[in-house]
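Engineer: coords please:
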Amino acid sequence: MLPERIKYVWLTAALTLVGCSGSIGTRGGGGGDDVVNDNIAKSLCVVDTPIRRLTRFEYNNTVRDLLGDTTGPADVLPPEEEVAGFNNQAAALTTSDLLIEQYMKVAEGVSARAIENLASILPCDPVADGEEACATSFIETFGRRAFRRPLTEDEVARYKGLYDWAVGDEGPGSFEDGIQVIIEAALQSPSFLYRAELGAETRVEGDIVPFTSWEMATKLSYMLWNSMPDEELFAAAERDELQTKEQVAAQATRMIEDEKARDPIQNFHTQWLLLTHLDSVTKDASVYPAFSESLRPLWKEEIQRFVEHVILEGDGSLQTLLTADYSFMNEELAGFYGDDVLETVTGSDFRQVQLDPARRAGLLTTAGLMATHANLNQSSPVFRGKFVREQLMCDTLPLPPNDLVIEPPELDPTKTTKEQFEEIGSNPSCAGCHSLMNPIGFIFEHYDGVGQWRDQQNGKDIDAIGDVVATEDIDGTYDGAVELSYALAESYQVQECVTSQWFRFAYNRTVTPEDSCSIEQLNQEFTDSGYDIKTLLVALTQTNAFLYRRAVDLDSESAGGAQ
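Structural biologist: Predicted structure coming up:
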């Protein structure tokens, strides 16, 4: 629909916003002023705010809320690079000609579907109000929602020019075609694809500036909904009522109670728990005859429903996430768990079920998580121990030697998995790292490679005893994952790790030394709340790192070239 040359120029304007580091513009001042401003920024825990591009997940949610498109159009785009465990990090920002072309094709599809029900997206009646006036009204109202801010007069004129081209002699010709061109072009604009949150003009101290209310509405919505602001947020921005901590907290509290809060909560836990590949987990049927492909979506739904219930409907605590003696299952999944489920479950609908508290406790003993962190034909003490160390304790484990061939041992019908991996851990070249992982993994040995409970393996009793060392507060010997889960739930190291994980996910960047006072503030809020996740989410909107940024200066060409 839109000429190729126009589409390419329109979207490549985004490149003018993006430097090698992913930040926008340059900081003003120089010499001694820079030193003073650096010291002020450090004292207030304010850091540079990098530019962000919408992830595929966020793009899909945004066009859903903007145009009612639920087809997941961004799924065809290349997967984002993971940085610090998450795929929404500004440090992973890259652009290529191929990606630009793919954005064009996605925009073409979304815009074509949008005009199939044109009346639902128009703020006016083109017959009663006139096509010209209605087109201008659409540009202003749609643009405000798509760009998450009011359009400038120049932007309105630019989109009106595209409309005029579309309905003129050189274009397709109809009012519908003109609206489609507007949508197609807007979805390729850096103002839609990127979050360029530059801050207000008024400086608080040194070169520290608050965000505008429009920018704050966007920050809140993409943090708490992974999508665009709703009308209530837009209205608050219009009134400039997103300037105080209290105003921001009030909106955050409201937003967490909205259904759309389920999206980022699930997104976070999928990535934090390393479950992004759960949909493709496969197992050796000769070893695990209970496994079938139909289990994968059931494992995924169990974890999703459990997490949503605990955080949004239950007590919201980290302790419950790690120690609950209940879960959510349907008849098929309950049958897979067998005696671990203490009640009869019938039908295909999921419901809350009571579990054997001696066998199951919270997230870490769910079959889906255990199956994901296992091998094709055996459990994996290495994967499971590494998972606990890195994801729950935020430990950084040393890399294996470059010349080390990493592969699981061949199945030995005379030995248990623990016996085989104890032999691997005794290798001097491996012992340093495996002594930190394997003993934790051994504690999960009652769960086989598909997460089913087992008391024996190859005719031998399961030994699920492991020594946990080199932690801040839970060193000791543990017998089974239930006991370990309770210890992890009370661990300050784990609690602070969860804060850091949420910080990285919510702020779309890694933790820096300058963030120390923000992290301290968040840890204290989390502790005071009894480790309530919803309280932590609101607290994430109350730090100086979220509320302020360091000012940037944009030259007139860069500032006006990317609309």
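
Engineer: Tell me where the model's unsure across the stretch 1-150 of the chain.
Structural biologist: 1-37, 39-42, 91-92 (pLDDT under 70).

Engineer: can you give me the strands in it?
Structural biologist: Taking DSSP state E, counting those that start in this stretch, the strands of the stretch 1-150 of the chain run over residues 52-53.

Engineer: List of residues touching stretch 170-188?
Structural biologist: Residues from elsewhere that reach stretch 170-188, judged by CB atoms under 8 Å, 6 or more residues apart in numbering: 1-2, 6-7, 10-11, 63, 67, 103-104, 106-108, 110-112, 114-115, 118, 121-122, 126, 131, 134-135, 138-139, 142-143, 146-147, 159, 162-167, 192-193. Every residue, glycine included, has its C-beta placed from N, CA and C.

Engineer: which ones are touching Val450?
Structural biologist: Counting by CB under 8 Å, 6+ apart, Val450 has contacts Lys283, Tyr288, Ala290, Phe291, Leu295, Ala367, Met370, Ala371, Ala374.

Engineer: Would you list the buried entries among those?
Structural biologist: Lys283, Tyr288, Phe291, Leu295, Ala367, Met370, Ala371, Ala374 (16 or more other CB atoms under 10 Å).

Engineer: Figure out the helix or strand that the nearest residue to the fourth one once chain neighbours are set aside lives in.
Structural biologist: This points to Leu295. Once flanking residues are discounted, Leu295 sits nearest to Phe336: 6.3 Å by CB to CB, 6 or more residues apart in numbering. With elements taken from DSSP states H and E, the one containing Phe336 is helix 331-337.

Engineer: and the helix or strand just after that helix, what's its mean pLDDT?
Structural biologist: Next in sequence after helix 331-337, counting helices and strands by DSSP H and E, comes strand 351-354. Averaging pLDDT along strand 351-354 yields 98.

Engineer: and strand 351-354, what does it pack onto?
Structural biologist: Helices and strands touching strand 351-354, by 3 or more CB pairs under 8 Å, 6 or more residues apart in numbering; DSSP states H and E, are strand 326-329.

Engineer: what's the strand it packs on packed up against?
Structural biologist: Applying 3+ CB pairs under 8 Å, 6+ apart, one finds that strand 326-329 makes contact with helix 295-308, strand 351-354.

Engineer: so how far is the longest one off the chain centroid?
Structural biologist: Just to be clear, that refers to helix 295-308. On the basis of CA atoms, centre = their mean, to the nearest Å, helix 295-308 sits 17 Å off its chain's mean C-alpha point.

Engineer: contacts for that helix?
Structural biologist: Contacts of helix 295-308 (CB under 8 Å, 6+ apart): 262, 265-266, 269, 273, 275, 278-281, 321, 324, 327-330, 332-333, 336, 350, 363, 366-369, 371, 450-451.

Engineer: Next, the buried residues of that helix.
Structural biologist: Neighbour-count burial for helix 295-308 flags 295-296, 298-308 (criterion: 16+ other CB under 10 Å).

Engineer: thinking again about what came up before, for the contacts of stretch 170-188, which ChimeraX command selects only the ones that are buried?
Structural biologist: Entered in ChimeraX, the line below selects the buried ones among the contacts of stretch 170-188, by 16+ other CB under 10 Å:
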select :1,2,7,10,11,63,67,103,104,106,107,108,110,111,114,115,121,122,126,131,134,135,138,139,142,143,146,147,159,162,163,165,166,167,192,193
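
Engineer: Let's have the contacts of Val450 in a markdown table, adding pLDDT.
Structural biologist: Shown next, in a markdown table, are the contacts of Val450 (pLDDT from 0 to 100):
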| residue | pLDDT |
| --- | --- |
| Lys283 | 98 |
| Tyr288 | 98 |
| Ala290 | 97 |
| Phe291 | 98 |
| Leu295 | 98 |
| Ala367 | 98 |
| Met370 | 98 |
| Ala371 | 98 |
| Ala374 | 97 |
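
Engineer: Looking at the residues you listed, which are in helices?
Structural biologist: Counting by DSSP state H, the part of the contacts of Val450 found in helices is Leu295, Ala367, Met370, Ala371.

Engineer: what's the farthest-apart pair in those?
Structural biologist: Leu295 and Met370 (12.1 Å; CB to CB).

Engineer: Could you tell me how far the helix ranked longest in the chain lies from the centre of the chain?
Structural biologist: In the chain, assigned by DSSP H, the helix with the most residues is helix 97-114. Distance of helix 97-114 from its chain centroid, counting by CA atoms, centre = their mean, is 23 Å.

Engineer: returning to that earlier point: what does the helix holding Phe336 contact?
Structural biologist: Against helix 331-337 from outside (CB under 8 Å, 6+ apart): 290, 294-295, 298-299, 302, 329, 341, 345-348, 350, 353, 355, 367, 452-453.

Engineer: buried stuff in it?
Structural biologist: Under the neighbour-count criterion of 16+ other CB under 10 Å, helix 331-337 has Leu333, Ala334, Phe336, Tyr337 buried.

Engineer: Distance of the closest residue to Thr94 other than its chain neighbours relative to Tyr103?
Structural biologist: With sequence-adjacent residues excluded and distances taken as CB to CB, 6+ apart, Thr94 is closest to Glu81, at 7.4 Å. The gap separating Glu81 from Tyr103 is 17 Å, by CB to CB, to the nearest Å.

Engineer: any idea whether the residue of the chain positioned farthest from its centre is helix, strand or coil?
Structural biologist: Each residue of the chain has a distance to the centre, and by CA atoms, centre = their mean the biggest one is for Asp169: 46.0 Å. Secondary structure of Asp169, reduced to three states by DSSP: H, G, I helix; E, B strand; the rest coil: coil.
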